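Asks: Generate coordinates for the sequence data below:
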Amino acid sequence: MSIFERFDDADIRALLDAYPLAWVCADGADGMEASLLPLVGRYDEQGKLVELIGHLMRLNPLHSALERRPRASILFKGPDAYISPEHARLRDWAPTWNYAQLRIEAEIMFDDAFTGSALTMLIDEMERGRHEPWHAGELGPRYQTMMKKIVGFRARVVSRSGKFKLGQDEKPDVLKNILARLPDTATAAWMTRFNTERL
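Replies: Take a look at the predicted model:
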């Protein structure tokens, strides 16, 4: 296993919390169907990701593809940044790109009765921490009209794989140079997360 493929349940949760918008991909009648959808993770008592909660428009071709074959590849992309030799302070050092990615294979279960709960989970997650959190009831009668057009789903995690290429292969002094000069603070924070013991 590559050093970039070593991550834990806490890393998965942090990535999903910070970057909840994912590509949901499935085999369609005429090739692959894919849509960007915001998803909420659900975890067991040990903190392991067990399912993702989401919703989509019934008219979305992805819906019919997943009804035919309820299996999806779900792709999350975390922070990413170009790393220049200027950041490393080494002219004989090759540029690279640092990033975090996660792939979930999942079984999809649509549930009309679950749609309201799925929507509430997403809204609560996205509005958490706001001074005046918004709630769906503020839409009034429009809410029921919108609800007829969408369907909630659970994506049960079958497998997961990822790559967190965040400077684990750099010498400590080079890593420190990069962190001191990289303007992308999100990528720098994730690089620090994956190299704490080396800094």
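Asks: Met147 versus the residue lying closest to Phe4 once chain neighbours are set aside, what's the distance?
Replies: Nearest residue to Phe4 in three dimensions, chain neighbours excluded: Lys165, at 4.5 Å (Cβ to Cβ, 6 or more residues apart in numbering). Glycine gets a C-beta too; all of them are placed from N, C-alpha and C. Between Lys165 and Met147 the computed distance is 41 Å (Cβ to Cβ, to the nearest Å).
Asks: contacting residues around the lowest-mean-pLDDT helix or strand in the chain?
Replies: When each helix and strand of the chain is scored by mean pLDDT, DSSP states H and E, helix 142-147 comes last, with a mean of 90. Residues outside helix 142-147 that contact it (Cβ atoms under 8 Å, 6 or more residues apart in numbering) are 115-116, 119, 136-137, 139.
Asks: Just the closest of those residues to Leu52, please.
Replies: Leu119 (14.3 Å; Cβ to Cβ).
Asks: Show me what the helix or strand hosting Lys77 is packed up against.
Replies: Element membership of Lys77 [criterion: DSSP states H and E] is strand 71-83. Under the contact criterion of 3 or more Cβ pairs under 8 Å, 6 or more residues apart in numbering; DSSP states H and E, strand 71-83 touches helix 9-18, strand 21-28, strand 96-111, strand 150-165, helix 185-193.
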